[in-house]
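In: Just a sequence and a predicted model for now, questions to come.
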Amino acid sequence: MTILTVLAAILGFGIIIMLHEAGHFFVAKKCGIRVLEFSIGMGPAIFSKQKGETKYSLRILPIGGYCAMEGEDENSDDPRAFRKQAVWKRMLVTVAGAVMNLILGFVLIFGYVCLDQPMTSTKIAQFRTNDAGESISTSSQWLQENDRFVSINGLKIFTWQDISYALQNDTCDTFQVTVERNGQLLTYDDVTFLNTETQGLLDFYLLRDEKTPLTIISHTCKYYLTTARLIWISLVDLLSGKYGFHDLSGVVGIIDATTTVVNMSETFREKLTTMFDILGFITINVGIFNLIPFPALDGGRLVFLIVEAIRRKPCPAKVEGMIHFCGLAALMLLMVVITFQDISKIFTR
């Protein structure tokens, strides 16, 4: 089953990359731009076929892909070249890949919510007690059953994952908590969460929502917002130095982690549910990461287009092309280093 899980993880990652590049491809075609090559993967080609004006390729390294368009980073006399098109068309093509990832992320999370048995709400069901029925919860001094968490230390609560993240990620001993109780918002400062028996912070149980079409859509939207925000917070924490280089993972690390987590599930349904959850997180991550304003990424290209729209004058093709080339080289170098780090972690483990 491990081999099948690895293949499923690789296939899932490949689909994420394929749909990203497909977003660029289809929007470029609709905008009348000449697409020279549509490639999944990097490195030497395993398979390639010319169909019309476009070559379709499958390459050996599943670490990315590309949609090569005429005149993308250089001047071209072709009227269908990328740089010959209106700025708004080029903006649409540029963001299309990330948009496809974000849409796919919603679909995968919807599948995860449908398959997942419990639909945990953000309302307190009861506080923890020991075998003798005595309270081992400290937060019960402030909170009550049926309270709905609204925010913890300023973090808006959408899902139970937000509650867990807020309590376990902050290093403080007490928390500012806002709850909804009987239609009113109540805020408590210096709330202590502690299970006095286990010393854990989750000293309460949460209610479960009945699974209906309405609650499924609601939970999907909330979980989507939670996932996107967590990715953004993680990026900020990485840049601020809260997380180090050793905390990063590339394709090898992602596939290894996915395989490990999926194999911990017992039934096929649980494995599929976990796969949907992880792939949803990954594809949203890919979508958000590509919108970062860094050269070679979609966000970096979008910055040039925004500047061009404001100045009504494009940056010289050679200058922009060189900047994106340097950005791509830096990203490829980073990817190689992270891949070696992922492999060393596997062998060390």
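Out: Perfect, thanks for sending it. Residues are numbered from 1 along each chain as shown.
In: Pass me the low-pLDDT residue ranges in the chain, would you?
Out: Confidence mapping of the chain against pLDDT under 70 gives the ranges 1-2, 4-6, 63, 245, 251, 349.
In: Walk me through the domains of it.
Out: Dividing the chain into domains by automatic domain parsing, as the record does, gives the ranges 2-114+280-348, 120-208.
In: Show me the strands in the stretch 201-349 of the chain, by range?
Out: Under the criterion DSSP state E, counting those that start in this stretch, the stretch 201-349 of the chain carries strands at the ranges 204-208.
In: what ranges do the helices span in it?
Out: Across the stretch 201-349 of the chain, reading from the start of the chain, the helices by DSSP state H, counting those that start in this stretch fall at 213-240, 251-263, 268-290, 298-311, 317-348.
In: ranges for the helices of the stretch 1-150 of the chain?
Out: 2-30, 87-115.
In: deepest of those helices, which one?
Out: Each of those was given a mean neighbour count from mean count of other CB atoms under 10 Å, and the largest, a mean of 20, is that of helix 87-115. Where you see a C-beta, it was placed from the backbone N, CA and C, and this is true even at glycine.
In: just checking, what packs against that one?
Out: In terms of contacts (3 or more CB pairs under 8 Å, 6 or more residues apart in numbering; DSSP states H and E), helix 87-115 is packed against helix 2-30, helix 213-240, helix 268-290, helix 298-311.
In: Could you check how far the spatially most central residue of the chain is from Val262?
Out: Here the mean C-alpha position of the chain is nearest to the C-alpha of Asn285 (CA atoms, centre = their mean), at a distance of 2.3 Å. When distances are taken as CB to CB, to the nearest Å, Asn285 and Val262 turn out to be 18 Å apart.
In: Equivalent analysis for Asn146, please.
Out: Distance, Asn146 to Val262, by CB to CB: 36 Å.
In: Could you do Phe294 as well?
Out: Phe294 sits 31 Å away from Val262, going by CB to CB.
In: can you check Phe158 too?
Out: Taking CB to CB as the measure, Phe158 falls 25 Å from Val262.
In: Between those two, tell me which one has more neighbours.
Out: Each of Phe158 and Val262 has its neighbours counted (other CB atoms under 10 Å); Val262 has more, 23 against 19.
In: That one contacts Thr274, correct?
Out: Yes. Taking contact to mean CB atoms under 8 Å, the distance of 5.1 Å between Val262 and Thr274 places them in contact.
In: what's next to stretch 250-257, contact-wise?
Out: 6, 9-10, 13, 62-63, 249, 278, 282, 335, 338-339, 341-343, 345-346 (CB atoms under 8 Å, 6 or more residues apart in numbering).
In: Please report how far Asp277 lies from Ser240.
Out: Counting by CB to CB, the gap from Asp277 to Ser240 is 27 Å.
In: When these two are compared, which one has more neighbours?
Out: Summary of the neighbour comparison: Asp277 and Ser240, criterion other CB under 10 Å, with Asp277 having more neighbours (21 against 8).
In: Could you find the closest non-adjacent residue to the more buried one?
Out: Excluding its sequence neighbours, the residue lying closest to Asp277 (CB to CB, 6 or more residues apart in numbering) is Tyr112, at 4.6 Å.
In: Would you check that that neighbour makes contact with Thr273?
Out: Yes. In this structure Tyr112 lies within contact range of Thr273 using CB under 8 Å: 6.0 Å.
In: one step back: comparing the domains of the chain, which comes out most buried?
Out: Burial among those, expressed as mean neighbours by mean count of other CB under 10 Å, is greatest for domain 2-114+280-348, which shows a mean of 17.
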